[in-house]
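**Student:** Quick one: sequence plus predicted model below, questions after.
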Amino acid sequence: MQTSLCISDITDRIDPVPVHCNNSTLYEAFRDDHDLMVVAVVDTAGQVLGLIERHAFNLTMASEYGRALYGNKPVTTVMDKCPLLVDITTPLRDFTSKTLTERPSELMRGFIATSDGRYAGVGTSLSVLRAISGDLQQSLGRQQEMTNDLIRLGGESQRHQTFLNMVIQNIPAMVLVKNASDQKIVLLNSVGEDMLGVSHETVVGQASGDFMTAERAALYNTYDQMALNSDEAIMLKEEHVTDAHGRQRIIQLKKTVLRTPSGEPDCILTLGTDLTEQKQAEARIAHLAHYDPLTGLANRALFSREMEAALSRVQRLDRKTALLCLDLDRFKAINDSYGHLTGDQLLTEVAERLRGCVRKGDVIARMGGDEFAIIQDIEVPQDAQHLAARIVEAMKLPIVINDTALEVGASIGIAMAPTDGMDANNLLSRADLAMYRVKAEGRNGWRFYRPEMDAQLQSRIEMEHDLRQALADNQFQLFYQPLLNLDTHRIVSFEALLRWHHPLRGMVSPAEFIPVAEDCGLIGQLGEWVLNQATRTAALWPEAWRVAVNISPLQFRHKSLVGLVNRALKVSGLSPARLELEITESVILEDETHNLAILNAIRALGVRIAMDDFGTGYSSLSYLRTFPFDKIKIDQSFVRDLPHDKNALSIVRAITDMAQSLGVLITAEGVETEAQMEALKALNCGEAQGYLIGRPAPDISAYVQPLAVCYGT
Ligand SMILES: Nc1nc2c(ncn2[C@@H]2O[C@@H]3COP(=O)(O)O[C@H]4[C@@H](O)[C@H](n5cnc6c(=O)[nH]c(N)nc65)O[C@@H]4COP(=O)(O)O[C@H]3[C@H]2O)c(=O)[nH]1
């Protein structure tokens, strides 16, 4: 070994990374610079904090959730915090002999050179090997002479030779040396034995052609010749080889010609790096970067690339492409009540069904949560329609997970290029728009985008904006509509109905703005306001009157509804028995277990629960057995056709008969005529509500004692 060498001669001044640099940035640096083996991490004052070694780093970033977990975190989360530090002035000999005895594995990775504790450079075992290549040259080129020298020089030189051998044998790369003159092998280390599947003993003194196929030997001889003709090291392209254990490996060879002091080629040094694990790690990272780890479908990033490719096909080849946006109808409810594990299994099965519906070449992507998108090259719009119909049908079939049959359903919106545009984002929003339309129309279906949907969206966006303003500016008011007991002919309660005084549009119907508030997440705030206002107002009414408040199914998802009800009662001082909550059947439809628990808890407070709009759903009767409702309100669509329509009569009769047997009170909504009222009385209906009794009004003083408490008196 050249005794004069010190650490400063063998380290590279590679820019260190600052402590706050994130792992994704470093990953890109490693990816772009194949020679970057180690990087030091320093603080703002240049003090060394740690070391990041390429191989270990790539493995961390490639583990299943590695990149997702570490990508945005600072590099300190994956660095080696106790790296080998060595003063830049240390003689190489001291460093190597000390390191080999104390921390041999460290030398194989990397070390940081420091000066006054500050970063000065990084080195690797390769740089050590490179530095001692002068000695290597001697020892390899003139082995016999060297041996004699060593014997002559005694212990000191022998130690250096031993050291050299240790480095060569332990370096995690193949080291193969050939004589430049006859190209016979003079050295092969143990990694090389493994990579080539031959032992050192069998190949030393042999040429490549003696133990390789003629074809391969010719290739290597050409490479050797290229190296001999070059003044610099040559890097060869990656090769796929089968190693001694029969495993497929990817290796990269670098050839350097070591020359005598007079410049004559002495020997050819081949370093072979095994890139297999690094390549696998990179492939895993690339896969993670483009595919959803749960379902294996394309992710948003790959979707965007595929969409651009599809649009360019549309442009170049005069083709058509359909974009289908799909949202699962009941995923959130299932996920909330059965847990995330079931949710994940469900999504995996949905992905499988989608794969079964599309044709080769179609791209399915998971855009996040329960949203999926499909890119389909089409001839005619009907192709997209058929695919959508196939998917809707496939999603209707129950998905069985852990013996539970889950019915999830799907809503699909379709936009097409070039008809609906040629911009990927625009098409996506248009397909989304069509999908929301399906949701608004009752879900479980598909729809094509239509230009008029844009205008509707615009007015919806405006309404959403105005609703936020309305909450801030107190533009809401409650109206109250009376309910009459048909036996006693007395007013028994009032339903609180929300009114919005829009500064420009005047009074806006709740039927118009409640769905928007539900969609944009304002219903929680709005519902809380209604509950507080209604209980506060009713607390001032005569004791005999109750107040009924409409509760949206979405209020069951937000903050604790039980807590809100309890607080409203406490603050207002209203007795719980005087509060009635009106819910629709979708509350039970959407998340039965969770919502029934909430309903039971509210009922346990002493609050009454009424089922609103009864008869409009498709399986209303079955709900009556799932929860002990205090009241059922027959939807006004049935009352409207009374007393002459036979169908309406028999439906109302069926409901009142059943309610009587269950001991539940029946209220008829939308009673507008005396004839309707008489028919309802004859059918044993308990209460009535409608314009005949009184319209919703902000002020109920007209019903207060003595005359107006009773209807018709
Ligand atoms: N044609 C006719 N209509 C009658 C008659 N009697 C009452 N109505 C109307 O019927 C609707 C009854 O309320 P709903 O079924 O709960 O239906 C309500 C309810 O679902 C919802 N809503 C109103 N206020 C609230 C609220 O505070 N929270 C929630 N979540 N929803 C509300 O908006 C819907 C519509 O409310 P409104 O426009 O006030 O409409 C009210 C009421 O004004 C009648 O004799 N004939």
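**Tutor:** Great, that's in hand. All of these numbers come straight from a predicted model, not from anything done at the bench.
**Student:** so where's the stretch 601-713 of the chain uncertain?
**Tutor:** Per-residue confidence for the stretch 601-713 of the chain (pLDDT under 70) gives these ranges: 617-622, 705-713.
**Student:** tell me which parts of it are close to the ligand?
**Tutor:** Contact residues (Cβ under 6 Å from any ligand atom) of the stretch 601-713 of the chain with the ligand: D612, D613, Q636, E669, G670, V671, E672, Q689, G690, Y691, P696. Any C-beta I mention is one placed from the backbone N, CA and C, and that applies to glycine too.
**Student:** Surely the fifth one touches L642?
**Tutor:** This points to G670. No - taking contacts as Cβ atoms under 8 Å, G670 lies outside contact range of L642: 9.9 Å.
**Student:** Enumerate every residue touching the closest residue to the ligand within the stretch 301-450 of the chain.
**Tutor:** Ranked by Cβ to the nearest ligand atom, the top residue of the stretch 301-450 of the chain for proximity to the ligand is A440, at 15.3 Å. Taking Cβ atoms under 8 Å, 6 or more residues apart in numbering as the contact definition, A440 lies against P515.
**Student:** do the one 5 residues further on as well
**Tutor:** Applying Cβ under 8 Å, 6+ apart, we find G445 in contact with V392, S411, I412, V438.
**Student:** Report the separation between it and K439.
**Tutor:** G445 sits at a distance of 9 Å from K439 (criterion: Cβ to Cβ, to the nearest Å).
**Student:** G506 too?
**Tutor:** Relative to K439, G506 is positioned 29 Å away (Cβ to Cβ).
**Student:** If you count surrounding residues, which of the two has more?
**Tutor:** Neighbour tally, G506 and K439, criterion other Cβ atoms under 10 Å: the higher count belongs to K439, 16 against 8.
**Student:** For the more buried one, what is the enclosing helix or strand?
**Tutor:** Element membership of K439, judged by DSSP states H and E, is helix 424-440.
**Student:** what about the next helix or strand after that helix, average pLDDT?
**Tutor:** Moving toward the C-terminus from helix 424-440, the next helix or strand (DSSP H and E) is strand 445-448. Over the span of strand 445-448, the pLDDT mean works out to 95.
**Student:** In the sheet, which strands lie alongside strand 445-448, parallel or antiparallel?
**Tutor:** Sheet pairing for strand 445-448, assigned by DSSP bridges, gives strand 410-417 (parallel).
**Student:** Pull up the overlap in contacts between G445 and K439.
**Tutor:** Shared contacts of G445 and K439, defined by Cβ under 8 Å, 6+ apart, comprise S411.
**Student:** give me the beta-bridge partners of the residue nearest to A434 when sequence neighbours are not counted?
**Tutor:** Across the structure, with Cβ to Cβ, 6 or more residues apart in numbering as the measure, the residue nearest A434 apart from its sequence neighbours is G413 (3.0 Å). G413 has these beta-bridge partners by DSSP bridges: C325, R447.
**Student:** OK, contacts around G413?
**Tutor:** 324-325, 430-438, 446-449.
**Student:** what about the nearest residue to L569 once chain neighbours are set aside, how many neighbours?
**Tutor:** In this structure, L569 finds its nearest non-sequential neighbour in P576, 5.6 Å apart by Cβ to Cβ, 6+ apart. Other residues near P576 number 16, with proximity taken as other Cβ under 10 Å.
**Student:** How confident is the prediction for P576, by pLDDT?
**Tutor:** pLDDT, the model's per-residue confidence, is 98 for P576.
**Student:** remind me which residues of the stretch 101-250 of the chain are low pLDDT?
**Tutor:** Low-confidence segments of the stretch 101-250 of the chain, defined by pLDDT under 70: 101-109, 126, 129-130, 132-161.
**Student:** Which stretches in it count as helices?
**Tutor:** When secondary structure is read from DSSP state H, counting those that start in this stretch, the stretch 101-250 of the chain shows helices at 104-109, 125-131, 133-141, 143-153, 155-170, 190-196, 200-203, 214-228.
**Student:** same question, the stretch 551-700 of the chain
**Tutor:** In the stretch 551-700 of the chain, the helices defined using DSSP H, counting those that start in this stretch lie at 561-572, 586-590, 592-604, 620-626, 636-640, 646-662, 674-682.
**Student:** The third one packs against which elements?
**Tutor:** So that's helix 592-604. Identification of packing neighbours for helix 592-604 by 3 or more Cβ pairs under 8 Å, 6 or more residues apart in numbering; DSSP states H and E yields helix 331-338, helix 561-572, helix 586-590, strand 608-614.
**Student:** Quick check: buried residues in the longest one?
**Tutor:** Buried positions in helix 561-572, judged by neighbour count with 16 or more other Cβ atoms under 10 Å: L561, V562, L564, V565, N566, A568, L569, S572.
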